[in-house]
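Peer 1: what follows is a predicted protein model with its sequence.
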Amino acid sequence: MVQGVGFRPFVYRIAVEEGLVGFIGNNTGGVTIEVEGPVERLAAFRRRLREETPPLARIDSVTTREMQTSGEAEFRILASDAAGTVSTGIPADAATCADCLRELFDPGNRRYRYPFLNCTNCGPRFTITRRIPYDRPQTSMARFKMCAACQAEYDDPTNRRFHAQPNACPTCGPRIWLVAPDGAEIQVADPVEEAIDRLVAGEIVAIKGIGGFHLAVDATNEAAVARLRARKHRHGKPLAVMVRDLEAARAICELVDEEESLLEAVSRPIVLARRRADCGIADCVAPGIPWLGVYLPYAPLQHLLFADARVKALVMTSANLSEEPIAIDNNEALARLGKIADAFLMHDREILQRCDDSVEALVDGAPQLIRRARGFVPLSVPLPMDAPPLLAVGGHLKSVFTLARGRFAYQSQHLGDLEDIRGLDFFREALAHMMHTFDIKPEAVVHDLHPGYLSTLWAKEWAAERGLPLIAAQHHHAHIAGCMTEHALDEAIGLALDGTGYGTDGSIWGGEVLIARLGGFKRFAHLEPIPLPGGDAAVKEPWRVAYSALRAAGMEPEQAARLAGAEPEQTRIVERMIDRRLNAPMSTSLGRLFDAVAAVVLGRRVVDYEAQAAMELEGCAVDEKDKAGSEEYALELFEGGEPGSSNVLRTDRLWKALLRDLRCGESPRRIAARFHAGVATGLIHAAASARIETGINRVVLSGGCMHNRRLARLLRAGLEEKDFQVFQHRRVIPGDGGLSYGQAAIAATILNRR
Ligand SMILES: [Zn+2]
Ligand SMILES: [Zn+2]
């Protein structure tokens, strides 16, 4: 990553400091440097190239070659040619750097309190770029002509703002203003001060940021947050909280070192961390779970808000209704958020790419991405094989597509749920931009096996229009293939654990033990299938799943209904669905088993958002020890009935032990802990059986359930105890946000074989 990150000026500077002559230029492979001088100075140059790399630059490899000296007079930066910039792309957006921050609060600086200051080491990139090459005329800064002072910085190779494309100052750059919901400008001397006053008074302010608008409200004000929830139609789903700095984050969350590093990374993700009991954050910010999504300011405007001592913690949530794409345009924001926000803090630096905040958490001691967006896009993830140019469209929920070429996979930003035309429009717009940015023309398209997904239908149409070959990848195979590819494995035992995925038999899978290669897989074992009465309705109403699971475990209708918390009228309908197999697809999903247990143990009858029940169940056990009498709850592995059929992980013993504990008055937290341990134990037994059959000793863990930290920890510890090598996702999301990466790996493998 050498484009737009101050790499060439950096090389210029160290070459000049070492007294070397020559030049630096971009080419299709990256960067070429020719240097001439005394041997020991050349060695120093080479060392400093690695040791002093600018913060946003990334060197993957350096190749050196000796040449004849040519007697250059000085060291020069060659102009970049358009062809050369393609492979080096656009950098990701980066948080305000320490130097800029000092200037922001220095009354003597000409950019004092200027909300758009940035430099080569920080600022927006991806979100303001229309097309490559990454140069000012191709960004939304094109309309701002630099003043003489800014231009001088821009042209000076020794300046921190040399070729900083978004360079600006109060004289020549974007400006900020405040708008009422009716669109009229609110005339005030200082719009930021006015916005702060309103936030402190409990108002909801829509704030235009880097990748879109945020809705901001005082996170310590229970009534204000409740009002935001009501207006946004978002009831239970946790809201992210921004605080001034690390110290403020420590005051509301218990943080370990790795979490603190994540908070301060230039990508500035939202970090899911354990909240403190006395954190002072309104309860309704993250109801029912012991974690808080916390993050630090990453744009100058956000730093200005927090410079006021009255602003302690702000809910900063994507400005949209439920799962719609985030609003980016001033008029769009007014139209869509006019009934939500009390005021709008707007600016005239256009956002060209929608990009939510990224989310990360520390899982089993290492960072794991939960949502991939600002700060990560459009950075590539390596591929261990050579991929022909191809497009992997991903799944249905939390959509992310992947464009692959050669040894690189470029994943899109989080696109939300592909449920309607608005989601699809965002998908199309992001795809067009990324195809253009990296000049990738797909020669094949890979989609999920599910025939009804919007992404599948779209992929079929798009490929047909272009006469491209299509590949369908099974959902859980793609999850496992993604994790295998991250670790360059060619075969593995895969535990694919998630909510929903279309199986090769047309039923819903999600608790799968696969023997996987990249080109194919065998279903070694799966969770016992149960009917999901009502299909999608069962996902939103865990009591239905609980009822079905208890009936399958041999319980009478009345007893099952009582334990599931079902009304008598509802029970009759659901019983009929199960009995006649009407709108009751069979499912082996582990996510649904979590839902069922949450319904019975926590009384979580309906959910407001995906994975709520599972998160509450994990959260409930957060202070319990990992080992909690798991053997009695363990899923039991039974051989499949017919020859060649998969083994089944049965749940009857688990339910029996769980219900007995419940009857004996055992605490929900203890039961939740035992449930996690029992699930892990059963899956580890299954992996051990798979090893006996195949001799494979590597286990990869994938699927949305791997966001569950307790389960991830238990599986790794238990598998390593049995001398397995265990692999988890690191740079790719375990849930559906990472699906397209695995799809791309499967397609590349199949296409390379052809
Ligand atoms: Zn900076
Ligand atoms: Zn200026």
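Peer 2: Nice, thanks for sending it over. Numbers count the residues shown, from 1 in each chain. Ligands and ions are numbered 1, 2, ... in the order given.
Peer 1: in stretch 138-153, what counts as buried?
Peer 2: By 16 or more other CB atoms under 10 Å, the buried positions in stretch 138-153 come out as 138, 139, 140, 141, 144, 146, 150, 153. From N, CA and C alone the C-beta is placed, and that goes for glycine too.
Peer 1: quick one, grab the pLDDT at residue 380.
Peer 2: In this model, residue 380 is scored at 89, pLDDT.
Peer 1: what is the burial count for it?
Peer 2: 20 (other CB atoms under 10 Å).
Peer 1: check residue 576 too.
Peer 2: By other CB under 10 Å, 12 other residues sit near residue 576.
Peer 1: over to it: give its phi and psi.
Peer 2: When read as degrees, to the nearest 10, the backbone of residue 576 gives phi -70, psi -40.
Peer 1: residue 209 too?
Peer 2: Phi and psi for residue 209, reported as degrees, to the nearest 10, are phi -120, psi -140.
Peer 1: so how far is residue 123 from the residue nearest to it when sequence neighbours are not counted?
Peer 2: Excluding the flanking residues, the one nearest residue 209 by CB to CB, 6 or more residues apart in numbering is residue 299, at 5.8 Å. Applying CB to CB, to the nearest Å, the value for residue 299 to residue 123 is 9 Å.
Peer 1: need the residues touching each of the two.
Peer 2: In terms of CB atoms under 8 Å, 6 or more residues apart in numbering, residue 299 and residue 123 are both contacted by the residues residue 96.
Peer 1: what about the two, which has more around it?
Peer 2: Neighbours were counted for residue 299 and for residue 123 using other CB under 10 Å; residue 123 has more, 29 against 24.
Peer 1: where do the strands sit along the stretch 1-150 of the chain?
Peer 2: Counting by DSSP state E, counting those that start in this stretch, the stretch 1-150 of the chain has these strands, from start to end: 21-27, 30-36, 75-77.
Peer 1: turn those strands into TSV, columns for mean pLDDT and distance to residue 623.
Peer 2: Output for these, formatted as TSV (pLDDT from 0 to 100; distance: least, CB to CB, whole Å):
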stretch	mean pLDDT	distance to residue 623
strand 21-27	86	54
strand 30-36	89	50
strand 75-77	90	57
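Peer 1: for ligand 2, which of those is the nearest?
Peer 2: Closest approach to ligand 2 among those is made by strand 75-77 (22.6 Å; CB to the ion).
Peer 1: adjacent strands (with direction) for the closest one?
Peer 2: strand 21-27 (parallel) (DSSP bridges).
Peer 1: got the strands of the stretch 1-150 of the chain as TSV, with distance to ligand 2 columns?
Peer 2: What follows is the strands of the stretch 1-150 of the chain, written out as TSV (distance: least, CB to the ion, whole Å):
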stretch	distance to ligand 2
strand 21-27	27
strand 30-36	29
strand 75-77	23
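Peer 1: can you say which of those strands is nearest to residue 46?
Peer 2: strand 30-36 (8.7 Å; CB to CB).
Peer 1: list the contacts of the residue in the stretch 251-400 of the chain positioned nearest to ligand 2.
Peer 2: Nearest to ligand 2, among the residues of the stretch 251-400 of the chain, is residue 349, at 13.5 Å (CB to the ion). Applying CB under 8 Å, 6+ apart, we find residue 349 in contact with 116, 124, 128, 140, 141, 144, 166, 173, 174.
Peer 1: closest to ligand 2 among those?
Peer 2: Among the contacts of residue 349, and counting by CB to the ion, the member closest to ligand 2 is residue 173, at 6.0 Å.
Peer 1: neighbours of the closest one, how many?
Peer 2: By other CB under 10 Å, 24 other residues sit near residue 173.
Peer 1: now it. Its backbone dihedrals?
Peer 2: According to degrees, to the nearest 10, residue 173 has phi -100, psi -170.
Peer 1: which residues touch it?
Peer 2: Counting by CB under 8 Å, 6+ apart, residue 173 makes contact with 114, 116, 141, 144, 150, 349.
Peer 1: adding distance to ligand 1 and pLDDT, write the residues you listed out as CSV.
Peer 2: Converted to CSV, the contacts of residue 173 look like this (distance: CB to the ion, whole Å; pLDDT from 0 to 100):
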residue, distance to ligand 1, pLDDT
114, 12, 98
116, 11, 98
141, 15, 96
144, 18, 97
150, 14, 98
349, 16, 96
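Peer 1: output those as JSON lines; include the columns distance to residue 422.
Peer 2: What follows is the contacts of residue 173, written out as JSON lines (distance: CB to CB, whole Å):
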{"residue": "114", "distance to residue 422": "35"}
{"residue": "116", "distance to residue 422": "29"}
{"residue": "141", "distance to residue 422": "28"}
{"residue": "144", "distance to residue 422": "30"}
{"residue": "150", "distance to residue 422": "38"}
{"residue": "349", "distance to residue 422": "24"}
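Peer 1: that older thread, closest one of the buried residues of stretch 138-153 to residue 209?
Peer 2: Nearest to residue 209 among the buried residues of stretch 138-153, with distances taken as CB to CB, is residue 140, at 13.8 Å.
Peer 1: before we move on, back to that, mind checking which of the buried residues of stretch 138-153 land in helices?
Peer 2: Within the buried residues of stretch 138-153, residues falling in helices by DSSP state H are 150, 153.
Peer 1: near ligand 2, from the buried residues of stretch 138-153?
Peer 2: Among the buried residues of stretch 138-153, proximity to ligand 2 is found for residue 150 (CB under 5 Å from the ion).
Peer 1: need the max-distance pair from the contacts of residue 349.
Peer 2: Based on CB to CB, the longest span within these runs between 124 and 144 and measures 13.1 Å.
Peer 1: and residue 218, how far is that from residue 252?
Peer 2: Using CB to CB, residue 218 is found at 14 Å from residue 252.
Peer 1: what's the answer for residue 138, then?
Peer 2: Separation of residue 138 from residue 252 (CB to CB) stands at 41 Å.
Peer 1: so where does residue 522 fall, helix or strand?
Peer 2: strand 520-527 (DSSP states H and E).
Peer 1: now that strand, how far from the centre of its chain.
Peer 2: In terms of CA atoms, centre = their mean, to the nearest Å, the centre of strand 520-527 is set 27 Å apart from its chain centre.
Peer 1: of the contacts of residue 349, closest to residue 616?
Peer 2: Residue 616 lies nearest to residue 124 out of the contacts of residue 349, by CB to CB, at 36.7 Å.
Peer 1: hmm, the closest one is touching residue 118, no?
Peer 2: Yes. Applying CB atoms under 8 Å, one finds residue 124 in contact with residue 118, separated by 7.1 Å.
Peer 1: tell me which parts of the protein are close to ligand 2?
Peer 2: Within the chain, the positions adjacent to ligand 2 are 147, 150, 169, 171, 172 by CB under 5 Å from the ion.
Peer 1: and the spatially closest residue to residue 396 that is not a sequence neighbour, how far is that from residue 354?
Peer 2: In this structure, residue 396 finds its nearest non-sequential neighbour in residue 453, 4.6 Å apart by CB to CB, 6+ apart. Distance check for residue 453 against residue 354: by CB to CB, it reads 21 Å.
Peer 1: same thing with residue 622?
Peer 2: 34 Å.
Peer 1: wait, does stretch 254-268 contact ligand 1?
Peer 2: No. Stretch 254-268 does not reach ligand 1 (CB under 5 Å from the ion); its nearest approach is 10.3 Å.
Peer 1: list the buried ones in that stretch?
Peer 2: Using 16+ other CB under 10 Å as the test for burial, stretch 254-268 gives 255, 259, 260, 262, 263, 265, 266, 267, 268.
Peer 1: taking those residues together, which two end up most distant?
Peer 2: Within these, two members stand farthest from each other by CB to CB: 255 and 266, at 18.3 Å.
Peer 1: as a check, name the ranges of all helices in the stretch 351-500 of the chain.
Peer 2: Under the criterion DSSP state H, counting those that start in this stretch, helices of the stretch 351-500 of the chain are mapped to 421-437, 454-466, 475-486.
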